[in-house]
Each structure stands twice: as C-alpha cells, then as structure tokens.
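Undergrad: Below are the sequence and a predicted model for it; my questions follow.
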Amino acid sequence: MDLTFNERELAFREELRGWLAQNPPVPEPTDGGEDAHYAWRRDWQRRLYDAGWAAPSWPAEYGGRGATLTESAIYFEEIGRARVPMAANVLGLLLGGPTLMVWGTDEQKERYLAPILSAEEIWCQGFSEPDAGSDLAALKTRAVRDPAHPGEWLVTGQKVWTSGAQYSKWCMLVARTDSDVPKHKGLTYFLMDMEQEGVQVRPLRQITGEAEFNELFIEQARIPEENVVGGVGNGWKVALTTLMNERAGLGFALQVRLRQLLDDTIASARENGLLEDPLYADALAELHIRCEAIRLLAWKGLTDVERYGQPGPEGSLVKWLWSDTNQRLTQLAADIVGPQALTAGTAWSYELLRARGNTIEGGTTEVLKNIVAERVLGLPRMKVTA
Amino acid sequence: MDFGLSEDQREIQRTARELLSDRARWERVREHAENRRSDEALWKELCALGWPGIAVAEEYGGQGLGAVAQSVLCEELGRVVAPVPFLPTVLSATLIEHAGEQQQRERWLPGLASGEMLGAVGVARDGVAELVIGGAETGAAQGGVIVLLEGDSARVLSAAEADIEPVDAIDPTRSAARVSTDPGAGEALTGDVAGAVDRALIAVASELVGVSERALEMTLEYVKERRQFGVPVGSYQAVSHRCAQMLLDTEKARSLSAFAAWTADADPLKLAEAAAMAKAAASDAGREVTAGAIQAHGGIGFTWEADVHWLYKRAQIDAAWLGGAKHHRARVAAMLSAVSAAIPT
C-alpha cells in the first residue's frame, strides 16, 4: 500500500496546475442564456485543446498524452479543483472517442476523433427512450435498410435525456435492427448526423428551470452504412463500452466538486456559529467522512483496474455514495446558508434542486443496488414476469 | 498510488485466513464463549507465530511490520470472533510503545509482544474503569498489565496493583472486568497519548471491518439458500438492497481503516483525522451490518445456534470501545476548521 504519487505523477499535476493558474477561463457570461453559456464552454475546450489538455488520457496518436489511469484521475481532480467549466464536448471526449477507439474502423477514427478533441463537432448520446430507461435494451427506435438507397439506413423513433443535442453534430444512437431475436441481440450502434430534417430536437425543461436535456424526435432519418460502429447486431456490447466509460473518469471531478461544496458549507457554518452546534457538527463531520470515503474508494477502484484489469465493485458504490451524499449536503446547506439557498436563481438553490437528478442520471440508485446485489454479491436475480 | 496490500501483507492475510478457518470454527467459538474461557491452544499458536507483536518494534521483541500488517490480522480475527485476548493485549502494547518512555517500553513490550504477558486498556473515571475488555483474564494471569486512560492522560500498572473484579460482557468471547485503582497507582505515560490512542483506534476499526465482512458473507449464504414463496429470499429487493447497503457500509469502513493504518505507518500528520474517521465509520458499519445480518436471517437469526449473534455482540463492544461514532465525529468536526485533507497541496 502506497498512497503517494510518483515523480512523474507529481510532475503531471504540477504542470497542469501551473497551466490552469496561468490560463484561467474568461469570466462566465452573465447574460445570453444557455447558448452563451455553452459557447463559453466551447471556447474553454478550444483553449484546453490548443494546450494539449483536452483529453490527456487519449493515446498520443489521437491527440492525447497517453496519460495513465492515475494521471487521468489527477487531471479530473485538478480540473475540479480549479473550478473551471466543463469542456463543451464532454460526451465526445469521455464516451464517444473511447468507444470509437475500441470498436471503430480506421476510417472512423481518422474521420471523427480530431473534431471531438477540438470541439469542432459536438457529440450527444441517444440511448434512453420514453419506455426504455433503466431497461435500456427494451428500446424501440428502429433502423431499417432503405430499399431505394442501398447502403443507407432509415431510422424512426424517439430518444430522451439527450444532453447538448441542440449543439451536436453527431449522436451515438442505439437502434433496433432486428426484432426477431432476443432484445439484447437485435441492436446496432450508429453515428447519426444531427443536421438533417428527420431529426427534431425539443428541449426538456427540468426542475431547475434550465434545459440541459432534450427529446429527439427521429422520423426517417438517414444514416450511411459506414456509420455503423462495431457491426450490425452488436450494439449492446458497443453501448456497454460507452456506459463503462461514463462512470470511470468523471467520478474524480464529481468528488472534488462535492468537496468544494462541503468546504463552502463548512465555511458558512463557521460564520453562522453553527459549527459549534453539536447536531450540525455531527452532520458536517459525517459528510466529511463520506467525502473522504468516496475519494479513497475512487482511488481503490483505480488500483483494481491497474492490478486486475477491471474495476472492482467500487464504480457502482462510488456513484451511489456520491449521489446520496451530494443530496444530503445540499439539504444541510439549505439549513446552514439560510434564505439565500431557497431564493430562486442563487447558486445554492440551483445545487439543491440539481442534486435530485444525481440519484437518477447515469444509473438510478435502485438499479445500482441491483447491479451490486447481482454482480458483486451474486444474489439471485429477481424473476421478472413479462 | 497503490491501494492494495503488498505481497507480504497478502501472504499474512492468506496464512491467517487459512489457520483461523480451521481453528476458529463456530462450534469452537461457541464452546469457549459458553464456558467464558479463551481458547488457550489457539492463543499459544498465535503467539508462536508472533502475532501479538506484529507491529511492535523489533528492538522490543516484536516483528516491526507496521500498522497495515497489524490491521490485516485484526480483520481476520474479527471475521471469526476469535476467543483470544489478542486485541486487548495489542492495544496496551500500542499505548505503551507510542506514549511510554524508553524504560517503560523495555519493561513491558517484550512480554506483550510475545504474548507471555496479557494486557488490557480501560477508560477510567476517578480511577475506576468499567467494562475493561480482557481485564479479567489479565488480572488472573501472571504479570498482566493494565493501561488506564483518564482525560488526556494515561498510566500503566501491573495488574497486581489494581483491584480487578470480573464482569460478564454481552460478548463472552473475551473476558471483562471492573478495574479500580488508587489515584496514584502505576506510572504515567508521558509521551503522545492522543497519538497512541489514535493508533489503537485503527486496530479496533480493523476488527470491526472483519466482523462486518463476515456478517455480510453469512447473510449472503443464507439468503441464497432460504426459500419462501418458491424463490430464494435474496431475490427480493427488500432483502438484496439491504445486502447492497451492508456492502457499501463495509467498504466505506474498510477504505477509511486502510487509509488510517497507512497514515500510522507513513503519514503521521494525517493520523488523528484518519483514525477518528475510521473509528466513526467502522463503529457505525459494525452495528448496522451485523444488525442487518440478524434481520436477513429472520427468526433463525435470533437464535443462539445461528451464530450471527457473536458478530453482533463483538460489534457492539468494539463500536463503543475507546469512543463511539458520535464521539469520533465530534473530533472530526473539531478538526474541520483546519485545511481539508482531500486534495494534495
């Protein structure tokens, strides 16, 4: 056991921290709404890209730095610590690019990877549907070969919770290409051009008032054969690669964000004299302990990947513990910060409302518990009556 | 950055697991618990392997393998609720080694490290410590040693200098006693008492991790086998989700205990915070997970024969030992004014 960093890792952290200190993002736009905010994030990613910091974990041949898992974790810790904006093309960088590196053809890698990195082409994720959330493989969006145009697919269906769809050029789309086989086997993974008539984007207003997500209405949209990723009928496996990447790196940034919110809450409690109140002190100490456990479990997960080539149970546990802790924290902060946290438009009120999504997005807590019960603890699967 | 055990530490873990799965089966634990006696044969065997002195420096007759290796043994002994005076002896050695003076270390440590001498640690008020775990056995043994903590100070005395009155604790796998002394009896430990207590906390937390881990394993075995309404009860989410919660509680406690043990060996500036966090998390986990184990076993879990209650009782004692979760969270809260440890600076 050695919880220290080696010379190379320390140098990596030092270099990144130095760059972030010297190259702060321009101030967050105060008006112009979500479009202006997104443009600000896109500009930030271009600056990361120019300096070679957009995706250090990508191999050097694709424009990354070939960073190790530990360095990649350090990257997200430092990004979180510097409180810089999230790169605009986060789904392309974390999910789309790595999925193509595993399943893509040489032509696909050549065509798509560079514009992901530079934020020239934004990516979104078309997985969930109104009737296929936790039960993703039940999705109904259909793709059929166009008899009139050989080598082209026609897609019809509906997708939901599509973050950033209004800014996206490409959609990682999972669609049913065969209804006569078991549900996991009839799926295909496509790259769908968003800039076509058959794709309509409608914003979904969420409880915070903003619209991070969208609904996609897809009507006879066209996808050329060369945009199939990983082969026809292999979509479930390709999608799993995307989903596994979803929980890997980002955890470190979320953990640091939680830490910052907790530090702000503690500072507020100190000002209000509530840190002296034993009930508040107990609750804050418990949050601090959870925050530390999340950090340690995330590092432990990396050790398992490095040693055994696959993550241990930590991935699901970290996401579960993080989401629950963030909700508790924002509730407690509302008590400590006072009226400001309940005033619309404040940062604290946003955190309070946004946290409700944490136990739903990226795998609901209920599904995570099922995953832990079945795959980690080996408990029998609940019988589902169709 | 490597969160795993070293090859040597894993070897210690494998050896301990193998030995104890043979020597500390439930029927033997039950037999000794019912007779309220330690398993002397097992204790002799552990002493021959040098376990009580695993973390004691070599110059005092120990193996000097550090807190992480000691935690591994505490976990393994916790898993089987071993009826031996290991933990009380180790805790007294830890306090003497890290808060005592040279002459005190020379006097007590060789005996404690070899296991020839038994030790116990009590928290006293006005010279009287209630429910000192290991106390009765230490009192009855030749050359037993008692460490008494009172306020911020600690003193060490030979058991012969104290009035030791055996008490039956709810966990009968280890003896207990009420220890009373004259206010001036024994010698003060004048070193870093708080730091030494933090090291002791890590040993108790590690035992709780082992207790929790075993309680979850027994529960999983049971709920996979036990069928009601035609299916294994473990297929119901009300049961399986509680099992998942038991794993989360255990892993949370395990990561914090491992971190604390590592700080004891390698980063003493973080020891106080890490030890308080580990004891708080492990105390909660030990209680919650063993309670969950009894509940998931249903009516059987409430019976003497089902054996999960030994884990529950051990967890109750350990959770309270040297301060419960609330006490240690209060310590953490007091440290929160300092800079957060989360991000290396």
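TA: Yes, it's here.
Undergrad: what ranges of chain B fall below the confidence cut-off?
TA: Chain B contains residues with pLDDT under 70 at B:337-345.
Undergrad: Could you break it into its assigned domains?
TA: B:7-189, B:193-335 (automatic domain parsing).
Undergrad: Just name the most buried of the ones you listed.
TA: domain B:193-335 (a mean of 22; mean count of other C-beta atoms under 10 Å in any protein chain shown). Any C-beta I mention is one placed from the backbone N, CA and C, and that applies to glycine too.
Undergrad: thinking again about what came up before, want to try CSV for the domains of chain B, with distance to chain A as columns?
TA: Output for the domains of chain B, formatted as CSV (distance: least, C-beta to the nearest C-beta, whole Å):
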stretch, distance to chain A
domain B:7-189, 6
domain B:193-335, 4
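Undergrad: need those domains in CSV with distance to A:Asp106, can you?
TA: Below are those laid out as CSV (distance: least, C-beta to C-beta, whole Å):
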stretch, distance to A:Asp106
domain B:7-189, 41
domain B:193-335, 41
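Undergrad: Just the helices from chain A, written as ranges.
TA: A:7-22, A:33-50, A:69-81, A:90-91, A:97-103, A:106-117, A:235-248, A:250-272, A:278-308, A:314-337, A:347-354, A:365-371 (DSSP state H).
Undergrad: Can you name the residues that contact the residue of the stretch 101-250 of chain A found nearest chain B?
TA: Nearest residue of the stretch 101-250 of chain A to chain B (C-beta to the nearest C-beta) works out as A:Ser134 at 12.8 Å. Going by C-beta atoms under 8 Å, 6 or more residues apart in numbering or on different chains, A:Ser134 touches A:363-364, A:366-367.
Undergrad: pLDDT score for A:Val305?
TA: A:Val305 carries a pLDDT value of 80.
Undergrad: isn't it right next to A:Thr70, touching?
TA: No. When contacts are counted by C-beta atoms under 8 Å, A:Val305 is not listed as touching A:Thr70 (10.1 Å).
Undergrad: more neighbours, these two?
TA: Neighbour count, other C-beta atoms under 10 Å in any protein chain shown: between A:Val305 and A:Thr70, A:Thr70 has more, with 19 against 15.
Undergrad: Make sure that one is actually in contact with A:Phe5.
TA: Yes. Between A:Thr70 and A:Phe5 there is a contact at 7.3 Å, judged by C-beta under 8 Å.
Undergrad: residues shared between the contacts of those two?
TA: Both A:Thr70 and A:Phe5 are contacted by B:Met1, under the criterion C-beta under 8 Å, 6+ apart.
Undergrad: Following the chain onward from the longest helix belonging to chain B, which element is next?
TA: Longest helix in chain B, counting residues (DSSP H): helix B:193-225. Using DSSP states H and E, the helix or strand that follows helix B:193-225 in sequence is strand B:227-228.
Undergrad: What pairs with that next one, parallel or antiparallel?
TA: If you go by DSSP bridges, strand B:227-228 pairs up with strand B:231-232 (antiparallel).
Undergrad: Report the contact partners of the residue nearest to the spatial centre of chain B.
TA: Central residue of chain B (C-alpha atoms, centre = their mean): B:Val204, 2.9 Å from the mean position. Counting by C-beta under 8 Å, 6+ apart, B:Val204 touches B:74, B:87, B:91, B:279, B:282, B:318, B:321-322.
Undergrad: related to what we said a few turns ago, using a markdown table, lay out the helices of chain A together with distance to B:Tyr236.
TA: Shown next, in a markdown table, are these (distance: least, C-beta to C-beta, whole Å):
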| stretch | distance to B:Tyr236 |
| --- | --- |
| helix A:7-22 | 45 |
| helix A:33-50 | 44 |
| helix A:69-81 | 37 |
| helix A:90-91 | 36 |
| helix A:97-103 | 36 |
| helix A:106-117 | 44 |
| helix A:235-248 | 26 |
| helix A:250-272 | 30 |
| helix A:278-308 | 27 |
| helix A:314-337 | 19 |
| helix A:347-354 | 33 |
| helix A:365-371 | 12 |
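Undergrad: comparing these, which gets the lowest mean pLDDT score?
TA: helix A:235-248 (a mean of 82).
Undergrad: Which stretches in chain B count as helices?
TA: Using DSSP H, helices in chain B cover B:7-23, B:26-34, B:40-48, B:66-79, B:86-99, B:102-114, B:135-140, B:193-225, B:237-266, B:271-296, B:308-320, B:325-335.
Undergrad: before we move on, the earlier item: let me know the pLDDT of the residue of the stretch 101-250 of chain A closest to chain B.
TA: At A:Ser134, the pLDDT value in this model is 82.
Undergrad: got it, and A:Val384?
TA: 67.
Undergrad: Then A:Gly312?
TA: 65.
Undergrad: Does B:Val147 have any beta-bridge partners, and if so which?
TA: With DSSP bridges as the rule, B:Val147 is bridged to B:Val121, B:Val156.
Undergrad: Give me the distance between it and A:Leu332.
TA: Distance of B:Val147 to A:Leu332, given as C-beta to C-beta, to the nearest Å: 39 Å.
Undergrad: what do you get for A:His149?
TA: To A:Leu332, A:His149 is 58 Å away according to C-beta to C-beta.
Undergrad: neighbour count winner among these two?
TA: Per other C-beta under 10 Å, whichever of A:His149 and A:Leu332 has more neighbours is A:Leu332, with 19 against 11.
Undergrad: Look up how far A:Ala298 lies from the residue in the stretch 1-150 of chain B positioned nearest to chain A.
TA: Per C-beta to the nearest C-beta, B:Phe3 is where the stretch 1-150 of chain B lies closest to chain A, at 3.9 Å. From B:Phe3 across to A:Ala298, the span is 10 Å (C-beta to C-beta).
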